[in-house]
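Enquirer: here is a sequence with its predicted model. Questions after.
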2 protein chains.
Amino acid sequence: MKNKIYAVIMAGGGGTRFWPLGRKARPKQFLKVTGDDTLLGETISRILPIIPMEQIFIVTNVNQVHLVEEAVPEGFCKENILPEPAARNTAACIGYAAKEIIRRYGDGLMCILASDHHIGAPEAFRNTVLNALETAEETDALVTIGIRPTFPSTGYGYIQFDAADADADKAHKVKQFVEKPDLETAKAYIESGDFAWNSGMFFWRAGAIMREFDALLPDISGLLAQIYEAEDRRKALFDIYPTIPSISVDYGIMERAKNVMVLTGDFKWDDVGSFTAYADLNEQDAAGNTVVGKACLLDSKNNICVGNEERLLALIGVENLTVVDGGNAILVCPTERLQEVRAMVDKLSKEGFEEYV
Amino acid sequence: MKNKIYAVIMAGGGGTRFWPLGRKARPKQFLKVTGDDTLLGETISRILPIIPMEQIFIVTNVNQVHLVEEAVPEGFCKENILPEPAARNTAACIGYAAKEIIRRYGDGLMCILASDHHIGAPEAFRNTVLNALETAEETDALVTIGIRPTFPSTGYGYIQFDAADADADKAHKVKQFVEKPDLETAKAYIESGDFAWNSGMFFWRAGAIMREFDALLPDISGLLAQIYEAEDRRKALFDIYPTIPSISVDYGIMERAKNVMVLTGDFKWDDVGSFTAYADLNEQDAAGNTVVGKACLLDSKNNICVGNEERLLALIGVENLTVVDGGNAILVCPTERLQEVRAMVDKLSKEGFEEYV
């Protein structure tokens, strides 16, 4: 490729779906879900064979910089950790990274990745990424990766593409982005063959995406310009960034831009959206239980136990429960009601248990 | 009373029904079930208004002496903690205490109490105890307290007494001791009016109980005599005590002796036999949940949460569960299956989790 490639890993997410393991102060990208490394650390390792460390950027909340510093490999350049003074959604985050790349290097190909996804086949993933970057360079389009669906998920957004091109390795024109469907719609999507899961990974030239910001999100573009034209850029960042409209890049740009392409990826991918990911990404015992850490189960079926090496979880005669040892808080919840963890976190805040949130 | 009174608190019990809160190394008499003090500490406080501290003895396993020392009030005399080199059941324990009292004081009235029971009305309890001691002194009988049953418990043994004497405050002749009954039998006992729960508290002169040992348990009597006649009594205790036959005083003496009396007690009494005692001895919230320590419950009913002040238990959408934070182990078990905690402890030992037992 003619352009240099810069990875931009978005690691500023918050969210409470992993409480009590994840906290306000330690969101899921900093958790070790599948092994010895954090999801952020795995994201870096996965991309390192094709993008040198000094070309990897991490955008994160200013309060999480220390967690990023813990998670990155030795030798990772601290200047490549870009702090956000406030969480302003993915459009602001991506615009910020694009402006920084343009400031430092004039231009370059961007490979934008989430920091909290699991990918099962890193080699296949890297091939698809290289393919996407080539497409972005050749066509100057906005390129994304769509995951070939393996089941009618109602938890992911979908991308419909033009399947007329018979070659599956090639990029397809995107027809539309659609929100999370209900089960029936999801089933229809799967059968149609021209829908893929929206992975939230993006590939484009920094100059190309800024051109789209100018056209489609001129407010954001203007505020970013103010930051980058200021004499004291750091002060301007802290003053202006929190005022940037909060909008996702999907909604603000991808759904409205004209030249958008998608490459379908066949690797195993999981956005690690709740504790059920622990069941998806780890082996089960003969009774269908998933055990991370130390646990002893007696006559118990289909439970998810997320513990650690210090403390033992002992379950007797229970089914379909998720039990999580989060250090100073323990969660017990039927797996099918895990979406209510958010309500628990709200309740804790209201009832004076703020220190556990 | 002519004789001095000596309390003997039996604190050598083991048992696993309170795992993971109670451990092999810290049985339930050393747990704080109802408040700020251990069950053993509460037992001492309860009796102190009628028996001076220097006349209170505690028999315990030699491995638990340090736990007793932590639990007793300031100024408690260490010589009044009698170590058992091995657990040999209640007959050995009581014979040992009787011999020690005879050695030190020639004779005396014994008030033998369990260390791990809860009693709701200490004033009424003390009156019954004084009444029992007077009966023991006047009649030279073996006297016990039977608790007037409030429901047809299948978890307690029963005492049938001669109800011909109309005065309920007086001692009744014991007809028979019976083992834990099934529910139908328990109901019949309650209706009959002449059955009471066997509380395991005993009152007699030291000389009177040794006379019964000589007659009914001559083996044990002989071995205790060997210990107390030895030149090096401590060495003899460690050599001989572990060889004493393991038999309960109920089975070995009470069921076979001729002159046995029972006083019925009307105070609230609970042998704290499992975590359900936490529900019996603490208030419930509007949804029927019992909470000890810190917990937050969302749409959850009739659970028993036994936690502590450091760690939070968070329950979502569960019913009739018992969740116990035992420090380095957490138990999750339907309340109606708590009897399987014993099986869990066995499983832990077998599967190499010995450090958690």
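Expert: Everything's here; your move.
Enquirer: so, low pLDDT: which residues of chain A?
Expert: A:166-169 (pLDDT under 70).
Enquirer: per-domain residue ranges of it.
Expert: A:5-270, A:282-356 (automatic domain parsing).
Enquirer: dump those to CSV, plus mean neighbour count and distance to residue B:138.
Expert: Bear in mind the C-beta positions are built from the backbone N, C-alpha and C, glycine included. Below are the domains of chain A laid out as CSV (neighbours: other CB atoms under 10 Å in any protein chain shown; distance: least, CB to CB, whole Å):
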stretch, mean neighbour count, distance to residue B:138
domain A:5-270, 18, 62
domain A:282-356, 18, 51
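Enquirer: tell me how far stretch A:210-217 lies from the chain's centre.
Expert: 23 Å (CA atoms, centre = their mean, to the nearest Å).
Enquirer: any residues touching it, and which ones?
Expert: When contacts are defined by CB atoms under 8 Å, 6 or more residues apart in numbering or on different chains, stretch A:210-217 is touched by residues A:91, A:95, A:98-99, A:102, A:142, A:220-221, A:224, A:245, A:247, A:252-253, A:256-257.
Enquirer: swap the cut-off to 7 Å and go again
Expert: A:91, A:95, A:98, A:102, A:142, A:220-221, A:252-253, A:256-257 (CB atoms under 7 Å, 6 or more residues apart in numbering or on different chains).
Enquirer: just give the closest residue to the residue nearest the centre of chain A, not the sequence neighbours.
Expert: The centroid of chain A falls nearest to residue A:114 when counting by CA atoms, centre = their mean (3.0 Å). The shortest distance from residue A:114 to any non-neighbouring residue, by CB to CB, 6 or more residues apart in numbering or on different chains, is to residue A:200 (5.2 Å).
Enquirer: name the SS class of the one you found, please.
Expert: strand (DSSP: H, G, I helix; E, B strand; the rest coil).
Enquirer: and if you look at the one 3 residues further on?
Expert: Secondary structure state of residue A:203, per three-state DSSP, is strand.
Enquirer: do the same with residue A:127
Expert: Criterion first, three-state DSSP; result for residue A:127: helix.
Enquirer: separation between it and residue A:267?
Expert: Between residue A:127 and residue A:267 the computed distance is 9 Å (CB to CB, to the nearest Å).
Enquirer: re the thing from before, I'd like to know which of the domains of chain A is closest to residue B:6.
Expert: domain A:282-356 (41.5 Å; CB to CB).
Enquirer: run the chain-centre distance for the closest one.
Expert: Worked out by CA atoms, centre = their mean, domain A:282-356 lies 24 Å from the chain centre.
Enquirer: just the endpoints, please. Distance across that domain?
Expert: 27 Å (CA to CA, to the nearest Å).
Enquirer: could you do stretch A:271-288 as well?
Expert: First residue to last in stretch A:271-288 (CA to CA) measures 22 Å.
Enquirer: same check, this time on stretch A:321-338
Expert: 10 Å.
Enquirer: ditto for stretch A:159-179
Expert: For stretch A:159-179, the end-to-end distance is 9 Å (CA to CA).
Enquirer: can you tell me what sits against that stretch?
Expert: Residues contacting stretch A:159-179 (CB under 7 Å, 6+ apart): A:131, A:135, A:143-144, A:146, A:157-158, A:193-196, A:198, A:250, A:254-255, A:260-264.
Enquirer: give me the helices and strands touching the strand or helix carrying residue A:323, please.
Expert: Following DSSP states H and E, one finds residue A:323 within strand A:321-325. Under the contact definition 3 or more CB pairs under 7 Å, 6 or more residues apart in numbering or on different chains; DSSP states H and E, strand A:321-325 sits against strand A:304-306, strand A:312-316, strand A:329-334, strand B:329-334.
Enquirer: over to residue A:172: give its phi and psi.
Expert: phi -110, psi 150 (degrees, to the nearest 10).
Enquirer: wait, I meant residue A:62
Expert: Dihedral angles (degrees, to the nearest 10) for residue A:62: phi -60, psi -30.
Enquirer: and what of residue A:269?
Expert: Taking degrees, to the nearest 10 as the convention, residue A:269 sits at phi -140, psi 140.
Enquirer: look up how far chain B lies from it.
Expert: Distance of residue A:269 to chain B, given as CB to the nearest CB, to the nearest Å: 28 Å.
Enquirer: partner residues bridging the closest residue in space to that residue that isn't next to it in sequence?
Expert: Spatial nearest neighbour of residue A:269, chain neighbours left out: residue A:147 (4.7 Å); criterion: CB to CB, 6+ apart. Beta bridges link residue A:147 to residue A:197, residue A:265, judged by DSSP bridges.
Enquirer: now do the contacts for residue A:147.
Expert: Counted by CB under 7 Å, 6+ apart, residue A:147 has contacts A:196-197, A:199, A:265, A:269.
Enquirer: please apply the same query to residue A:101.
Expert: Residue A:101 sits in contact with A:6, A:108, A:110, A:206, where contact means CB under 7 Å, 6+ apart.
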